[in-house]
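[1] One predicted model, sequence on top.
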Number of protein chains: 2
Amino acid sequence: MRNFEEKTIASETIFSGKVVHLQVDEVRLPDGRTAKREIVKHPGAVAVLAITEEKKLVLVRQYRKPLEKTILEIPAGKLEAGEEPSACAARELEEETGYRAKGLSHVVSFYTSPGFADELLHIYQADGLAKGQGNPDQDEFVELVECTLEECMEHIQNGDIMDAKTVAAVYLWQNQVLSGR
Amino acid sequence: MRNFEEKTIASETIFSGKVVHLQVDEVRLPDGRTAKREIVKHPGAVAVLAITEEKKLVLVRQYRKPLEKTILEIPAGKLEAGEEPSACAARELEEETGYRAKGLSHVVSFYTSPGFADELLHIYQADGLAKGQGNPDQDEFVELVECTLEECMEHIQNGDIMDAKTVAAVYLWQNQVLSGR
């Protein structure tokens, strides 16, 4: 395995916000030349794959300003400082949908955009769902939607489901169904 | 369906770089209050799900500065201005791996991080692969790796495959195998 590491020569902070931090690093490439890397730092996030007893996926309809669109996503949220991902998953599921899970197991973690951002997203699978009372964040406006696997596949086709974590979660669910789990 | 649209009151450009553009928008929420939205603009990208005749997935090992890690990903790249996604997919596949595809069909598109970025990623599936000569970009250092589905699942478990597009592509491939396509 060859070593392609890029050593940091200099790092300039451009912006430190509530959600993202932007920096531009100057790096030494493996061949000795230098290059600039624009890097967005993000606290990381969790998302929850929750299937109801009726074999429906728990989704939220939410407006996303960067897209200027309302899309269907699995419940998700940013990690707060020092927060355990599984605790964050339980909190976001209940806040956004009113569902509580008896158990939450980690299924996969991935970087959403490794070319320019360090956001790491952890997907948890809920089991033993029970309905409580939703309590969305002050500046969050979300609507609960529940869909069968077939409806989810249609939503992917027609672009109502259109984000990486939800597409990955639906494919994962489809795999579980196809392999009889 | 309720309307959660957030109207832009003001928009401030923080940074315009080679890859990303950062702006902070002030928005009017559905309940009349205002909030700030940190938004990363990105040109969009394509990625290629390419399976060889030996039933192996074509991957590239690549150092990602935002993660300070070398990971395995399906071939991918940013869209150039005005470039057709399918043309970009063909170009990136050949540049990074040396493979040429007889055909490329669109399978799914998703936003990688809808909470803070507008990056839209298009996944194409290649068919009729033939090996030519790789020609990586000047500041790109990549190594070709080919893995069976079983090996890909292990790489997801051990964190060698750890980005959204590649995880989604492996799950999609697994679905195709499970359903006999």
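    Now that the structure is in, tell me what you want to look at.
[2] chain center to the longest helix along chain A: distance?
    The longest helix of chain A (DSSP state H) is helix A:164-178. The chain centroid and the centroid of helix A:164-178 are separated by 14 Å, computed with CA atoms, centre = their mean, to the nearest Å.
[3] What's the mean pLDDT across that helix?
    Averaged across helix A:164-178, pLDDT comes to 97.
[4] residues touching residue A:170, list them.
    A:57, A:149, A:152-153, A:156, A:161 (CB atoms under 8 Å, 6 or more residues apart in numbering or on different chains). All C-beta atoms are positioned from the backbone trio N, CA, C, and that covers glycine.
[5] care to break chain A down by domain?
    A:7-41, A:45-178 (automatic domain parsing).
[6] Looking at the contacts of residue A:170, which is nearest chain B?
    Set against chain B, the nearest of these by CB to the nearest CB is residue A:156 (6.3 Å).
[7] What residues does that closest one make contact with?
    A:162, A:167, A:170, B:108.
[8] right, and the pair among these with maximum separation?
    A:162 and A:170 (11.3 Å; CB to CB).
[9] Export the contacts of residue A:156 as TSV, with columns for distance to residue A:96.
    Formatted as TSV, these follow (distance: CB to CB, whole Å):
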residue	distance to residue A:96
A:162	18
A:167	19
A:170	18
B:108	24
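[10] Could you report the neighbour count for residue A:24?
    Counted with other CB atoms under 10 Å in any protein chain shown, the neighbours of residue A:24 add up to 17.
[11] tell me the contacts of it?
    When contacts are counted by CB under 8 Å, 6+ apart, residue A:24 touches A:11-12, A:14, A:36-39, B:17.
[12] Kindly report the same for residue A:91.
    residue A:77.
[13] Could you check how far it is from residue B:114?
    20 Å (CB to CB, to the nearest Å).
[14] Over to residue A:65?
    As judged by CB to CB, residue A:65 and residue B:114 stand 9 Å apart.
[15] Can you tell me the SS state at residue A:156?
    When classified by DSSP: H, G, I helix; E, B strand; the rest coil, residue A:156 comes out as helix.
[16] so where do the helices sit in chain A?
    Under DSSP H, chain A gives helices at A:85-97, A:149-158, A:164-178.
[17] what would the ones you listed look like in TSV with distance to residue A:28?
    Formatted as TSV, the helices of chain A follow (distance: least, CB to CB, whole Å):
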stretch	distance to residue A:28
helix A:85-97	34
helix A:149-158	42
helix A:164-178	31
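[18] what mean pLDDT does stretch A:27-44 have?
    96.
[19] Next, see if that stretch gets close to chain B.
    Yes: using CB under 8 Å from any CB of the partner chain, stretch A:27-44 reaches chain B at A:27, A:29-31, A:33, A:35-42.
[20] Same question for stretch A:93-111.
    Yes: using CB under 8 Å from any CB, stretch A:93-111 reaches chain B at A:108-111.
[21] quick one: contacts for residue A:113?
    A:40, A:119, B:42, B:112-113, B:117, B:119, B:163-164.
[22] Can you tell me which of those lies closest to residue B:69?
    residue B:163 (10.2 Å).
[23] Present the residues of stretch A:93-111 next to chain B as CSV; the columns should include pLDDT.
    Output for the residues of stretch A:93-111 next to chain B, formatted as CSV (pLDDT from 0 to 100):
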residue, pLDDT
A:108, 98
A:109, 98
A:110, 98
A:111, 98
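[24] Most neighbours among these, please name it.
    Of the residues of stretch A:93-111 next to chain B, with other CB under 10 Å as the count, residue A:111 tops at 27 neighbours.
[25] which non-adjacent residue is nearest that one?
    residue B:163 (4.7 Å; CB to CB, 6 or more residues apart in numbering or on different chains).
[26] can you give me the strands for chain A?
    Applying DSSP state E to chain A gives strands spanning A:7-16, A:21-28, A:34-41, A:45-50, A:57-64, A:69-73, A:76-78, A:99-111, A:120-131, A:142-147.
[27] beta partners of the residue lying closest to residue A:117 once chain neighbours are set aside?
    Nearest in space to residue A:117, with sequence neighbours left out and distances taken as CB to CB, 6+ apart, is residue A:40 at 4.1 Å. Beta bridges link residue A:40 to residue A:22, residue A:117 when assigned by DSSP bridges.
[28] I'd guessed residue A:40 sits against residue B:19; true?
    No: counting by CB atoms under 8 Å, residue A:40 does not reach residue B:19; the two are 9.8 Å apart.
[29] Alright, I will stop here.
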